[in-house]
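Trainee: Predicted model, plus sequence, below.
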Amino acid sequence: MSTTPASAPVIQVIIASTRPGRAGLPVGQWIAEYAGKRGDLEIEIVDLAELDLPLYDEPAHPRVRRYTQAHTKRFSEIIDRADAFVIVFPEYNHSFNAALKNALDYLFHEWAHKPVGLVSYGGIAAGARAAQALKPVLNALYLTPVPESVLIPLVQSFLDGEGAERRFVPNTEVETGADLMLDALADRIQVSRLARSAP
């Protein structure tokens, strides 16, 4: 039984990687579970692999919200209910992955004026270059990245188990980064709600 208040802010953990065997799934499951332990936030997982959005296929710009595709309408409803986001994403070739860019491009108002925390992972650079490439895209959508983030270097070394049983096992530094990021998101949600309710 959940002890989270009914009026608790909704934070969606967006798992951005869609490839088979992705590290992003156990990382996303971990941050969702970790955030849920706080008790002051309602956590939802949004898995882009499960959504399986095609390459952007709407005839009108997302600013006008004249959606024609069932998958866009469903995605809009999902993202619209969030107060904030945690995006879990890999670094591919010094940038973030295409499935994440495609998902961001589908919508506009549903993203706008909401805080977002970044959880990046990769090799020795821990996804830092991907995070820097992502921030201008988030700013263009009026998303507000918090300065606090979680960077996971050599992500395979944090994974334990095989297949569906694979788990992400954080160290103290990763947990501390997650605490700071989640605190920052919680602090900014009320301000973002005011911005979204303004005429």
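Mentor: The structure has been received and is ready for your questions.
Trainee: and Leu185, how many neighbours does it have?
Mentor: The local packing of Leu185 (other Cβ atoms under 10 Å) involves 25 other residues. No exception for glycine: its C-beta is placed from N, CA and C like everyone else's.
Trainee: do you know how far it is from Ala70?
Mentor: Separation of Leu185 from Ala70 (Cβ to Cβ, to the nearest Å) stands at 31 Å.
Trainee: repeat for Pro90
Mentor: Taken as Cβ to Cβ, the span from Pro90 to Ala70 is 28 Å.
Trainee: more neighbours, the two?
Mentor: Between Pro90 and Ala70, Pro90 has the larger neighbour count (other Cβ under 10 Å), namely 24 against 8.
Trainee: isn't that one right next to Val119, touching?
Mentor: No: using Cβ atoms under 8 Å, Pro90 makes no contact with Val119, being 10.3 Å away.
Trainee: Check for me that Val116 belongs to a strand.
Mentor: Yes: secondary structure of Val116 (DSSP: H, G, I helix; E, B strand; the rest coil): part of a strand.
Trainee: so what's Ile100 up against?
Mentor: Careful, residue 100 is Leu; it's not Ile. 14, 16, 48, 87, 89, 134 (Cβ atoms under 8 Å, 6 or more residues apart in numbering).
Trainee: who are the neighbours in contact with the fourth one?
Mentor: This means Ile87. Ile87 makes contact with 14, 16, 100, 116-119, 134, according to Cβ under 8 Å, 6+ apart.
Trainee: farthest-separated two in the residues you listed?
Mentor: Across the contacts of Ile87, the longest distance by Cβ to Cβ is 14.4 Å; it joins Leu100 and Gly117.
Trainee: hang on, the earlier thing: which one among the contacts of Leu100 gets closest to Phe75?
Mentor: For these, the nearest to Phe75 is Leu48 (9.7 Å; Cβ to Cβ).
Trainee: How about the contacts made by that closest one?
Mentor: 14-18, 99-100, 103.
Trainee: Which secondary structure element is home to Leu134?
Mentor: Here Leu134 sits within helix 128-140, counting by DSSP states H and E.
Trainee: Sheet-wise, list the partners of the helix or strand that comes right after that helix with their directions.
Mentor: Downstream of helix 128-140, the next assigned helix or strand under DSSP H and E is strand 144-145. In the sheet, strand 144-145 lines up against strand 115-121 (parallel) (DSSP bridges).
Trainee: tell me the contacts of the closest residue to Arg66 other than its chain neighbours?
Mentor: In space, not counting the residues next to it along the chain, Arg66 is nearest to Ala60; the distance is 4.5 Å by Cβ to Cβ, 6 or more residues apart in numbering. Contacts for Ala60 (Cβ under 8 Å, 6+ apart) come out as 66-68.
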